[in-house]
Every structure is written in structure tokens, then in C-alpha cells.
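# Quick one, structure for this:
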Amino acid sequence: MAQIRPVVGLPTLTWLRAFEAAARTSSFAAAAAELNLTSGAISYQIRALEAHLGFSLFERLPRGVKLSPMGVAYLPPVRKAFEELADSTVGLFGGSERVQITVHAPVSLAALWLSPKLPQFSLANPSVDVRLSSVIWDNAVLDEATDLEIRYGAGHWHGYRSEHLMNQSILAVCSPSLLRATQAKGASDLLLTRHPIHIMGYEKHWLKVRQVQGLANTPASTGPSVDTTIAALELAAAGAGVALAHPVFLSAYFATGRLVKTLEREFDDDNSYFVMTPERPQRIRREVQLFRDWLVAIAS
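Numbers count the residues shown, from 1 in each chain. Here you go, the predicted model:
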């Protein structure tokens, strides 16, 4: 059996931890607070690491520190090594404490699609508690307390890393009683022009449907307006008119017969749903990565 040789040239773990924390926070003081050490101890450990390597890793500034070119090059492999060590430890030995992640999602998607599926994730990951917050409008300012967010749009938001989650077609739906009441020839077009239910922020959906159906120049009723898809669907189920929605919102309504398709035709949507994580300097926590991978899997 070949002898396993010792690893040579490897700095001590405490030096590397001090370097990674200081590089991530751009501050010896912040790194010291995070690691429960003094600023002097952090400074000493980084100087020892620099002496060991023979290169300066930081530029000392009047306020804070900045990575040197060699520090910039060294940080990715150090961070990757820590990530792999942490993931291997948890994977082999399990976590001893419960952890929490904070997720933001559009209110209708949270209520009608995500919430019914969350027990699946909890069953597979019993140590992870999901804190789900529903939002009507996207936050213009980055919320640092959010670990992950689902957004609807074109996929480009400053301050976020985005990953495509799913694209959905657009369906026109109404109550069975309203559809039966307009069974005459041309009833579908009559429903579209006389009984539209509008969702604020999604006005382009009705514009697309009317254009595809050749109704762009046909006068249409203004109809009621609401700020969420779930409110529009409840109005439609009550017989108030026709709502436009993505299929992921409609399973329960179709199953109970509260809504039916006004038209068999489906309409393409230029926008999609994306799963977003803030562009922070530190790595994404393992539990957040687990939830993101699970989201992508169930959406596919």
C-alpha cells in the first residue's frame, strides 16, 4: 500500500479563515467581529499568511482594506475549499441545528403554486425552515434579509443573479355559468370584449389576447381592475367576467370546476418566472442552494 504523503505548503486554517473573512468584508474589524477575535489578532494572522506565501494579499487603506492582485487571485480557491469542506461535513455528518431561509414570491404564485408544494421540501429537508413572504410588487431596493426571490419579468434585475424558472402560457378563464350563458356563435369574443377582468401591471396580457383574436379595434369594456391574479380568479369564479392567468395558478380551480377555459387556445407570454439570489460577496448558503435547486426541479 502506497504511503499517503502529508500536504506541504498549506497555511494554517486560522490564517485562511482570517483572510477569507477580511476579503469578504473589506475590513479587519468586521472580520474580527465575525470570528470573535480582536482586530489585532486578524491583522497578525494575515501578516503571518502573507509572510508564509511571500506576497502581500491586502492594500492597507485609511479606511478598510482592499485586496491586492495576488489577494484577488487567491480568494476564489480559498473560498471554494471552505465551501467544499462545509458541504462535505454536512453531507457526511448532517447538521445539528435548524436553519432558516427567507423567500419572497409574488402573492398569487406563493398561494396557488408554491405553498401547496412546500411540504415536499420540508419532508426532504427537515432541518430547513422556510420563511415565505408574499409580495405584490417587486422591491426596487435590494433587501439584504432575503435569501431568495421569485420574480416575473424579462430576467434582468440589478443586484441579483437570476436563473430561469419557468415560462407559462396565458389562458382565458371564466365561471361555467358565464360560459353557458353565452353559448351563441361568437360567444367567446363577446366574453373577451364585454367582461374583461384586469390585473394591474399585467395590461399587456389583454392586449396580446385581443390582437391574436383580431379584436384590437373592437370596443371593449373597461371591466374591474385588481392588483393580484388570485383576486382576479376569485372574481372570475364568482361570475364577474374573464380573467387571464398562467396554468400554474389554475389547477385547483379546474379540479373543483369553479373555472373553465373561455377559449381552448393558449397565448404565448414574452416574460417568465425567475429565481433570484442577491449578488452578495459571500457564497450562497447550502440550504439556500438546496431550495433553489428544488424550485428549478419542480418547475421543470
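# any idea how this structure splits into domains?
For the chain, the structural domains run 13-93, 99-163+272-299, 171-261, going by automatic domain parsing.
# Columns mean pLDDT and mean neighbour count on top of the ones you listed, output as TSV?
Bear in mind the C-beta positions are built from the backbone N, C-alpha and C, glycine included. Putting the domains of the chain into TSV (pLDDT from 0 to 100; neighbours: other CB atoms under 10 Å) gives the following:
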stretch	mean pLDDT	mean neighbour count
domain 13-93	87	16
domain 99-163+272-299	85	16
domain 171-261	87	17
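# Toward the C-terminus, what is the element adjacent to the longest helix along the chain?
Longest helix in the chain by number of residues, with DSSP state H as the criterion: helix 69-93. The element immediately downstream of helix 69-93 (helix or strand, assigned by DSSP states H and E) is strand 99-106.
# all strands for the chain, in order.
58-60, 65-67, 99-106, 128-135, 148-153, 160-166, 171-174, 198-199, 225-226, 243-245, 260-261, 272-278 (DSSP state E).
# Any chance of the ones you listed in TSV with distance to Thr218 as columns?
Shown next, in TSV, are those (distance: least, CB to CB, whole Å):
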stretch	distance to Thr218
strand 58-60	67
strand 65-67	62
strand 99-106	31
strand 128-135	35
strand 148-153	28
strand 160-166	32
strand 171-174	15
strand 198-199	16
strand 225-226	20
strand 243-245	17
strand 260-261	21
strand 272-278	29
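# Which one of those lies nearest to Pro11?
In terms of CB to CB, the element of the strands of the chain nearest to Pro11 is strand 58-60, at 14.9 Å.
# Could you list every helix and strand in contact with the closest one?
For strand 58-60, the contact count by 3 or more CB pairs under 8 Å, 6 or more residues apart in numbering; DSSP states H and E identifies strand 65-67 as packing neighbours.
# neighbouring strands for the strand it packs on, and are they parallel or not?
Strands adjacent to strand 65-67 in the sheet, as given by DSSP bridges, are strand 58-60 (antiparallel).
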